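In: Kindly return the folded structure for what I paste below:
(chains A and B)
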Protein chains: 2
Amino acid sequence: MSITITAFERSPDGGKGLARDTRVRWALEEAGLPYEVRLVSPRAMKEPAHMRLHPFGQIPTYEEDGLELFETGAIVFHIAEHHADLLPRNAQARARAITWMFAALNSVEPSILEIVTVKFLEGDQPWAKERMPLVQDRIRQRLQLLAARLGDADWLDGAFSAGDLLMVSVLLRSRPSGILDEFPTLAAYVARGEARPAYQRAFAAQLAINAA
Amino acid sequence: MSITITAFERSPDGGKGLARDTRVRWALEEAGLPYEVRLVSPRAMKEPAHMRLHPFGQIPTYEEDGLELFETGAIVFHIAEHHADLLPRNAQARARAITWMFAALNSVEPSILEIVTVKFLEGDQPWAKERMPLVQDRIRQRLQLLAARLGDADWLDGAFSAGDLLMVSVLLRSRPSGILDEFPTLAAYVARGEARPAYQRAFAAQLAINAA
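Out: From the prediction side, this is the model:
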């Protein structure tokens, strides 16, 4: 099996591991699958060859022996489906782990990414400064409920799963704002994710490209 | 098999079918599965009994013989996994259909839901009116790329799948703003989804509650 993913030629975050290829790298490392990386420039990302792989002109993409995928959640799911360490075999536990995958991407990440909208997409707008606290309060509301559900458990539902992999990755994006650290149990949860050898290999691999 | 989902006692959209229970109803109708609905009031949604089912205090939830799920995407996936009409059996086609499920919820819906933020969450803010065109332009950028990918095909990748079910559902939320109709191929795609008998049954079932 030959796997190739795409990543930013130069990540906008300068190597903090917040670009979405880190999530796919992490899943591949958890699964013990070797992979190649093709770096894509901002210009190449919008050219037909890449747009054919990714209709929205983004990274990461995933190629495996004729199969072409885009969309981080779907790629992580595809990897997880074949590896018991990322999705439990028990049918009900599996369905619940998949629930957390969707929850991370659909119920938690959008609120966190509003920070990107305020700071970058609308950073020069007159309302940017005044709007930021509203956006941050909505993130806090979400994280408070997530923290309540996690409680003092290590992971969201039993053993570490692809649901945790995505939730930790999403929460990492709330750390630069300081909001993650307002929730000590979530900060500890993220730290547990970061401590996993597979995460560390994934992080180091993206850093090697972006900190050069 | 006994299935119970939850829905708004009274949907904020007054029966337009935009609440997320409609997506789950549609999937259940496509699969030919009978189901019960438990209606939940705004107050009950935030009480412990419901929060235990849904950590973010929302609808829909899904209960099936001891299995409890939340998160629309995960529920639709669970239903689809057991029904070839919603997810192809061929492994590569299946992975691509799952990609469109994630793409609908993670790459298309967040931009569309920014309209809700502008109109309702921040409707009384001084920047609401000036901000709306920026939000709408970001939706247009996304829909333009989606329309380019769909081309003149009936569905996103071969036969109708759970990926189309979610994408049509997400696009429906861009219709009240008029943006959907700026993209005739996407408007026709949504109309094909709405014309499916399973969608019509799902729509009628939620309307019966909300238009009463």
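In: Check chain A and tell me which residue is nearest its centre.
Out: Central residue of chain A (CA atoms, centre = their mean): residue A:169, 4.0 Å from the mean position.
In: quick one: that one and residue A:24 touch, right?
Out: No: between residue A:169 and residue A:24 there is no contact, the gap being 9.9 Å when judged by CB atoms under 8 Å. All C-beta atoms are positioned from the backbone trio N, CA, C, and that covers glycine.
In: And the helix or strand hosting the residue nearest to the centre of chain A, how far out from the chain middle?
Out: Secondary structure from DSSP states H and E places residue A:169 in helix A:162-172. Using CA atoms, centre = their mean, to the nearest Å, the mean C-alpha position of helix A:162-172 is found 6 Å from that of the whole chain.
In: Residues in contact with that helix: which ones?
Out: Helix A:162-172 is contacted from outside by A:17-18, A:22-23, A:26-27, A:30, A:72-73, A:76-77, A:79-80, A:86-87, A:96-101, A:103-105, A:108-109, A:112, A:143, A:146, A:155-157, A:180, A:186, A:189-190, A:192-194, A:199, using CB atoms under 8 Å, 6 or more residues apart in numbering or on different chains.
In: Those residues: which ones sit near chain B?
Out: Checked against chain B using CB under 8 Å from any CB of the partner chain, the contacts of helix A:162-172 yield the following neighbours: A:72, A:73, A:77, A:96, A:98, A:99, A:101, A:103, A:105, A:109, A:146.
In: Which parts of chain A are helices?
Out: Here chain A has its helices, by DSSP state H, at A:21-31, A:42-45, A:48-53, A:72-81, A:91-103, A:109-116, A:128-150, A:162-172, A:184-194, A:197-210.
In: and residue B:131, which of these is closest to it?
Out: The closest approach between residue B:131 and any of the helices of chain A, judged by CB to CB, belongs to helix A:128-150 at 8.4 Å.
In: and the closest one, C-alpha only, in CSV?
Out: Extracted as CSV, the C-alpha positions of helix A:128-150 are listed here (Å, rounded to 0.1, in the frame of the first residue of the first chain):
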residue,chain,number,x,y,z
ALA,A,128,-12.9,43.3,14.6
LYS,A,129,-11.8,44.3,18.1
GLU,A,130,-15.3,44.6,19.5
ARG,A,131,-16.5,41.4,18.0
MET,A,132,-13.7,39.2,19.4
PRO,A,133,-15.0,38.9,22.9
LEU,A,134,-18.4,37.7,21.6
VAL,A,135,-16.7,35.0,19.5
GLN,A,136,-14.6,34.0,22.4
ASP,A,137,-17.6,33.7,24.7
ARG,A,138,-19.3,31.4,22.3
ILE,A,139,-16.1,29.2,22.3
ARG,A,140,-16.2,29.2,26.1
GLN,A,141,-19.8,28.1,26.2
ARG,A,142,-19.0,25.1,23.9
LEU,A,143,-15.8,24.1,25.8
GLN,A,144,-17.6,24.3,29.2
LEU,A,145,-20.1,21.7,28.0
LEU,A,146,-17.3,19.6,26.5
ALA,A,147,-15.3,19.8,29.8
ALA,A,148,-18.5,18.7,31.7
ARG,A,149,-18.9,15.7,29.5
LEU,A,150,-15.2,14.7,29.7
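In: Quick one: list the elements packing against it.
Out: For helix A:128-150, the elements it packs on are helix A:109-116, helix A:184-194, judged by 3 or more CB pairs under 8 Å, 6 or more residues apart in numbering or on different chains; DSSP states H and E.
In: and it, how far from the chain's centre?
Out: On the basis of CA atoms, centre = their mean, helix A:128-150 sits 18 Å off its chain's mean C-alpha point.
In: go on, stretch A:64-75?
Out: The offset between the C-alpha centroid of stretch A:64-75 and the centroid of the whole chain comes to 15 Å, using CA atoms, centre = their mean.
In: Could you list the buried residues of it?
Out: By 16 or more other CB atoms under 10 Å in any protein chain shown, the buried positions in stretch A:64-75 come out as A:64, A:68, A:69, A:70, A:71, A:72, A:73, A:74, A:75.
In: For that stretch, give the mean pLDDT please.
Out: Mean per-residue pLDDT for stretch A:64-75: 97.
In: Same check on stretch A:49-60?
Out: Per-residue scores along stretch A:49-60 average to 97.
In: picking up where we left off before, buried subset of the contacts of helix A:162-172?
Out: Under a neighbour-count criterion of 16+ other CB under 10 Å, the subset of the contacts of helix A:162-172 counted as buried comprises A:17-18, A:22-23, A:26-27, A:30, A:72-73, A:76-77, A:79-80, A:86-87, A:96-101, A:103-105, A:108-109, A:112, A:143, A:146, A:155-157, A:180, A:186, A:189-190, A:193, A:199.
In: Spit out the contact partners of the residue located most distally from the centre of chain A.
Out: Within chain A, residue A:126 marks the point farthest from the mean C-alpha position, 30.6 Å out by CA atoms, centre = their mean. Under the criterion of CB under 8 Å, 6+ apart, the neighbours of residue A:126 are residue B:127.
In: Kindly report the same for residue A:193.
Out: Applying CB under 8 Å, 6+ apart, we find residue A:193 in contact with A:164, A:165, A:168, A:169, A:199.
In: separation between it and residue A:180?
Out: With distances defined as CB to CB, to the nearest Å, the gap from residue A:193 to residue A:180 amounts to 12 Å.
In: And residue A:51, how far from residue B:186?
Out: Distance, residue A:51 to residue B:186, by CB to CB: 17 Å.
In: circling back to that earlier point, where does the residue farthest from the centre of chain A fall, phi/psi-wise?
Out: Dihedral pair for residue A:126: phi -60, psi -20, per degrees, to the nearest 10.
In: Can you give me the domain assignment for chain A?
Out: As recorded under automatic domain parsing, the domains making up chain A are A:3-85+A:198-210, A:91-196.
In: Show the end-to-end separation of the first one, please.
Out: Across domain A:3-85+A:198-210, the terminal residues are separated by 21 Å (CA to CA, to the nearest Å).
In: ok, now stretch A:13-25?
Out: Start-to-end span of stretch A:13-25 (CA to CA) is 16 Å.
In: do stretch A:101-121 as well
Out: Using CA to CA, first and last residues of stretch A:101-121 are 27 Å apart.
In: related to what we said a few turns ago, need the domains of chain A in JSON lines with distance to residue B:56, can you?
Out: Conversion of those to JSON lines gives the following (distance: least, CB to CB, whole Å):
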{"stretch": "domain A:3-85+A:198-210", "distance to residue B:56": "18"}
{"stretch": "domain A:91-196", "distance to residue B:56": "5"}
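In: Ok, which of those comes nearest residue B:46?
Out: Comparing these against residue B:46 with CB to CB, the closest turns out to be domain A:91-196 (9.9 Å).
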